[in-house]
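**Q** Provide a 3D model corresponding to the input given below.
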Amino acid sequence: MAYTRAWTNFKRMQDVSVAAASLIYAGAVLHAFQRLPGGLALIAERTLVWPAAFLFFSLALPLSIGPFRRPLARYVWMSFQAGFGQTAGSVLTGVGLLAGAALFMYWQVAGASNGGRYPAGVFSGYAAGIGILAAQAALVRVLERAPEVRKAIERRE
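**A** A predicted model of the protein is given here:
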């Protein structure tokens, strides 16, 4: 199936967003293991175990429960129609948001390593965000199968 360039770019941007957010998260976790006080079990619990639960629920709920899936699918479609992921400006904005969230995580780890509050919430929140991004990337593929969307995104020759 051949899709328009706009749809292909949008779909690619959704996938790249998930991958970039996951890599940023992995880097932050490695940084946390190097800097945070407490044993490995505590750090793993706060950066991997609890955040994995948040990631799972934020991915699974929108994909499996209609009242969550429909508004998110509508949001994904509106994002495409608005041009997200299809222009340099929108790509730079998305990267900027991911970088800002990454800096916040690193700042939280630095604060905790100097005796501040332990940054458990920031890891869970970021993991939930990755789950939502992954759900959006999956919904792109669901939208492709909808007849009304298919008419709008198929390349006409």
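
**Q** So which bits of whichever strand or helix holds G121 are buried?
**A** Applying DSSP states H and E as the criterion places G121 in helix 120-144. Neighbour-count burial for helix 120-144, with 16 or more other CB atoms under 10 Å as criterion, is recorded at 120, 122-140, 143. For the C-beta atoms, the positions are set from N, CA and C on the backbone; glycine is no exception.

**Q** chain center to the helix or strand bottoming out on mean pLDDT in the chain, what's the gap?
**A** Lowest by mean pLDDT, DSSP states H and E among the helices and strands of the chain is helix 88-113, with a mean of 89. On the basis of CA atoms, centre = their mean, to the nearest Å, helix 88-113 sits 12 Å off its chain's mean C-alpha point.

**Q** Show me what counts as buried in it.
**A** Within helix 88-113, the residues that qualify as buried are S90, V91, G94, L98, A101, A102, M105, Y106, Q108, V109, A112, counting by 16+ other CB under 10 Å.

**Q** quick one, that helix and helix 120-144 angle?
**A** With axes from the mean of the first three to the mean of the last three CA atoms, to 10 degrees as the basis, helix 88-113 and helix 120-144 are set at 150 degrees to each other.

**Q** what helices or strands is helix 88-113 leaning on?
**A** Contacts defined by 3 or more CB pairs under 8 Å, 6 or more residues apart in numbering; DSSP states H and E place helix 88-113 against helix 5-35, helix 120-144.

**Q** Any chance of JSON lines for the ones you listed, columns distance to P62 and mean pLDDT?
**A** Formatted as JSON lines, the helices and strands packed on helix 88-113 follow (distance: least, CB to CB, whole Å; pLDDT from 0 to 100):
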{"stretch": "helix 5-35", "distance to P62": "14", "mean pLDDT": "93"}
{"stretch": "helix 120-144", "distance to P62": "4", "mean pLDDT": "94"}
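
**Q** G85 against F10, yeah?
**A** Yes. Counting by CB atoms under 8 Å, F10 is a contact partner of G85 at 4.5 Å.
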